[in-house]
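A.B. asks: Based on what follows, work out the 3D shape:
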Amino acid sequence: MLKLGKVEKLLGTQRTDKPRMWRSLDTCMDYLRNELHIVRVDLLDATHYSDGDASRRPRQDASERMKRAHEAAAYDAWFREQVQASIDDPRPSISDDEARARFANRKTALRRRAQ
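C.D. replies: Numbers count the residues shown, from 1 in each chain. Next up is the predicted model:
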């Protein structure tokens, strides 16, 4: 609960109306100072403090999920660059039939060499 003058406001989470919980007083103070620019706290009330509320364990796979998400984003950016480079390539395009004929000729030549 944040009291500003005579008005009391609940600090809620971003996506829900649930009260904001912190693991420690340090993280709470960091939030107040850095996000809300509150640098002085006159009264700290722990009346409704419950040790079990904010003590949930961090998920061990969160780091791995974030790593995979970043890798996927990097691959997507690389792939889009490759596609754009192909589109921007000034060399003339060839038809599918012509490409298949060229590779068939190469394949035949390689088979002859192998014999």
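A.B. asks: Let me know the helix or strand that V41 is in.
C.D. replies: Following DSSP states H and E, one finds V41 outside all helices and strands.
A.B. asks: so who does it touch?
C.D. replies: Residues near V41 by C-beta atoms under 8 Å, 6 or more residues apart in numbering: 29, 32. Every C-beta, even on glycine, is put in place using the N, C-alpha and C of the backbone.
A.B. asks: roughly how far apart are it and C28?
C.D. replies: Distance, V41 to C28, using C-beta to C-beta, to the nearest Å: 9 Å.
A.B. asks: Per-residue pLDDT of the closest residue to C28 other than its chain neighbours, please?
C.D. replies: Excluding the flanking residues, the one nearest C28 by C-beta to C-beta, 6 or more residues apart in numbering is W22, at 4.0 Å. On pLDDT, W22 comes in at 71.
A.B. asks: swap in V39?
C.D. replies: 76.
A.B. asks: and if you look at A99?
C.D. replies: A99 is given a pLDDT of 94.
A.B. asks: Which residues does the helix or strand that contains it contact?
C.D. replies: Using DSSP H and E, A99 maps to helix 96-114. Helix 96-114 is touched from outside by I94, with contacts defined as C-beta under 8 Å, 6+ apart.
A.B. asks: got it, and stretch 66-77?
C.D. replies: For stretch 66-77, using C-beta under 8 Å, 6+ apart, there are no contacting residues.
A.B. asks: Any buried residues in that stretch, and which?
C.D. replies: Buried positions in stretch 66-77, judged by neighbour count with 16 or more other C-beta atoms under 10 Å: none.
A.B. asks: quick one, strands of this protein?
C.D. replies: Counting by DSSP state E, the chain has strands at residues 2-4, 7-9.
A.B. asks: Which of those strands has the lowest mean pLDDT?
C.D. replies: Note on those: lowest mean pLDDT is at strand 2-4, with a mean of 67.
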